[in-house]
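# I'd like to go over a predicted model; first the sequence, then the structure.
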Amino acid sequence: MGCDRFHTQTLLVMAVLVLVCVISCRKRQSPTAPLPPPTAVGTPEAEKTAEPVQKSERKEYRAVALSGCVIVEQKGSRLRYVKKCESCGHLPPGTVGTNIPSKGAKLTSSFRCPKCGKTQKIVIQGTE
Ligand SMILES: [Zn+2]
């Protein structure tokens, strides 16, 4: 049975080859491979030139209600007003928020009074 022997021989050779490969691999890896030193982070930190934030530049806006509304709150560049009917004095519930107009500029709007039915014009003028 030459065929069987040939088979066992090739198996043996293969086994040896595998063994040699494994051993050589182990030999290559087993000795504590000198680990590359931890990459020293030597990048100098960029100096942050902290610029002082000028808060004094924040402008205060002001506005006056010329007609059709009553300003109830002014905060920064925003204001809140309630509508007011100049004909009957009715104040519809709810406030309206809007940007304060720049100095001299007028903000106009209008609403229909739910009480007397008249159309009331809202005018708000920026003063500062
Ligand atoms: Zn009215």
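Received, thanks. Numbering: from 1, shown residues only.
# in stretch 77-88, what counts as buried?
With burial defined by 16 or more other CB atoms under 10 Å, the residues of stretch 77-88 counted as buried are 77, 79, 81-85. All C-beta spots, glycine's among them, are computed from the backbone N, C-alpha and C.
# closest one of those to the ion?
Here the nearest of the buried residues of stretch 77-88 to the ion, counting by CB to the ion, is Cys85; it sits at 3.0 Å.
# ok now do the closest residue to that closest one other than its chain neighbours, which residues does it touch?
Ranked by CB to CB, 6 or more residues apart in numbering and with sequence neighbours excluded, the top spatial neighbour of Cys85 is Cys113, at 3.9 Å. For Cys113, the contacting residues are 85, 87-88, 90, 92, 119-120, by CB atoms under 8 Å, 6 or more residues apart in numbering.
# state the distance from Cys113 to Ser87.
Note on Cys113: its distance to Ser87, by CB to CB, to the nearest Å, is 7 Å.
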